[in-house]
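# quick one: sequence plus predicted model below, questions after.
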Amino acid sequence: MKIATWNVNSVRIRLSHIEKLAIQAKPDIICLQETKVVNNDFPFKYIKDLGYKYIELHGEKSYNGVAILSKIMPESSFSVNFVNDKDRRHVAIKLYNGLEIHNFYIPAGGEIPDPLMNQKFKHKLSFFDEVTDWFKTNRSEKDKIILLGDLNVAPLEHDVWSHKQLLKEVSHTPIEVEKMEALQKSLNWHDTIRRFTPESEKLYSWWSYRNHDWRKSDRGRRLDHIWATPAIENKVKAGYILREMRGLETPSDHAPVILEIDIPE
DNA sequence: ATGGTTGGTGCCCAA
């Protein structure tokens, strides 16, 4: 199986980009974040014509929104509204082979990394706490689960272009990394992408629109992740980032991340 | 220290 995650920053304006991913990488399942559209206005026909007959949505107007596009029929799907608010940031599917996939769009957290001064940062930290509790309460590390999406934290020194310059920047502050590590410990999740690129090597999935030449300045961050429980860790065959998709015409600021895993459908 | 760009919206917000 091949599974992709991609923050597309509006699904309706990125249809040709999704088509390119579908044709070139041929994922069985594509998880999207920041679809920015209510369920009724989702471009169903275009996506189904690409071969993704099964579409699970948790969308909202203008902001956030997640989707799972699948060639394989899911057994069931569900969404959780973490931090008890209206944000649509999670959707999950369970397949007939027992594999469960959780697609997340974790809050970005605003500009100021202080939960007392900045409600958005507080929201982000609480979101991590609730997701951690949810997995501890409802799932076990013996379950076959993939957790993926735009987690909006670059945890490792070489997940950002300058560790030193970003220590006080939201996405790379010690408190956020601590929250992410607590989530990682909840089910002993494995970072499937870093297994294939040594921690000493720079690896990014996002480059700001605010750099004139993203390729030249290369001031990226690894905000998008794919994790697996220990139960399926040994089935993982490959994990990588499709950097070239950041260089398409009118691109998303994120690149897709791909997992190849040896689990029969 | 500041500003830089994009998307969806509606007389700016969020990233």
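Great, that's in hand. Numbering: from 1, shown residues only, chains lettered A, B, ... in the order given.

# show me what contacts the closest residue to A:Lys86 other than its chain neighbours?
Among residues not flanking A:Lys86 along the chain, A:Glu60 sits closest, at 7.0 Å (Cβ to Cβ, 6 or more residues apart in numbering). Placement of C-beta: from N, CA and C, glycine included. Shown in contact with A:Glu60 (Cβ atoms under 8 Å, 6 or more residues apart in numbering): A:Val38, A:Lys86, A:Asp87, A:Arg88.

# quick one: contacts for the last one?
Looking back up the chat, that one is A:Arg88. By Cβ under 8 Å, 6+ apart, the contact list for A:Arg88 reads A:His58, A:Gly59, A:Glu60, A:Asn64, A:Gly65, A:Val66, A:Ser79, A:Asn81.

# go through those residues and say which is closest to A:Gly239.
Nearest to A:Gly239 among these: A:Val66, at 20.5 Å, using Cβ to Cβ.

# near DNA strand B, which residues of the stretch 151-265 of chain A show up?
Remark: the part of the stretch 151-265 of chain A in contact with DNA strand B comprises A:Ser208, A:Tyr209, A:Arg210, A:His212, A:Thr250, using Cβ under 7 Å from any atom of the strand.

# for the strand or helix carrying A:Ile30, packing partners?
According to DSSP states H and E, A:Ile30 maps onto strand A:29-33. If contacts are counted by 3 or more Cβ pairs under 8 Å, 6 or more residues apart in numbering; DSSP states H and E, strand A:29-33 sits against strand A:2-7, helix A:15-24, strand A:66-70, strand A:100-105, strand A:145-150.

# one more time with 6 Å
strand A:2-7, strand A:66-70, strand A:145-150 (3 or more Cβ pairs under 6 Å, 6 or more residues apart in numbering; DSSP states H and E).

# re the thing from before, got the contacts of A:Glu60 as JSON lines, with secondary structure columns?
Putting the contacts of A:Glu60 into JSON lines (DSSP: H, G, I helix; E, B strand; the rest coil) gives the following:
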{"residue": "A:Val38", "secondary structure": "coil"}
{"residue": "A:Lys86", "secondary structure": "coil"}
{"residue": "A:Asp87", "secondary structure": "coil"}
{"residue": "A:Arg88", "secondary structure": "coil"}
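
# for the residues you listed, which one is nearest A:Leu167?
When the contacts of A:Glu60 are compared against A:Leu167 (criterion: Cβ to Cβ), the nearest one is A:Asp87, at 27.4 Å.

# need the contact list for that closest one.
Taking Cβ atoms under 6 Å, 6 or more residues apart in numbering, we find A:Asp87 in contact with A:Asn64.

# can you list the contacts of A:Arg88 in CSV and add distance to DNA strand B and secondary structure?
What follows is those, written out as CSV (distance: Cβ to the nearest atom of the strand, whole Å; DSSP: H, G, I helix; E, B strand; the rest coil):
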residue, distance to DNA strand B, secondary structure
A:His58, 15, strand
A:Gly59, 10, coil
A:Glu60, 9, coil
A:Asn64, 7, coil
A:Gly65, 10, coil
A:Val66, 13, strand
A:Ser79, 18, coil
A:Asn81, 15, coil
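
# follow-up on the earlier one: tell me the least confident of the residues of the stretch 151-265 of chain A next to DNA strand B?
Of all those, A:His212 carries the smallest pLDDT score, 88.

# confirm that residue sits in a strand?
No. Under three-state DSSP, A:His212 falls outside any strand and is assigned coil.

# turn the helices and strands packed on strand A:29-33 into CSV, including mean neighbour count and mean pLDDT.
Converted to CSV, the helices and strands packed on strand A:29-33 look like this (neighbours: other Cβ atoms under 10 Å; pLDDT from 0 to 100):
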stretch, mean neighbour count, mean pLDDT
strand A:2-7, 24, 98
strand A:66-70, 24, 98
strand A:145-150, 26, 98
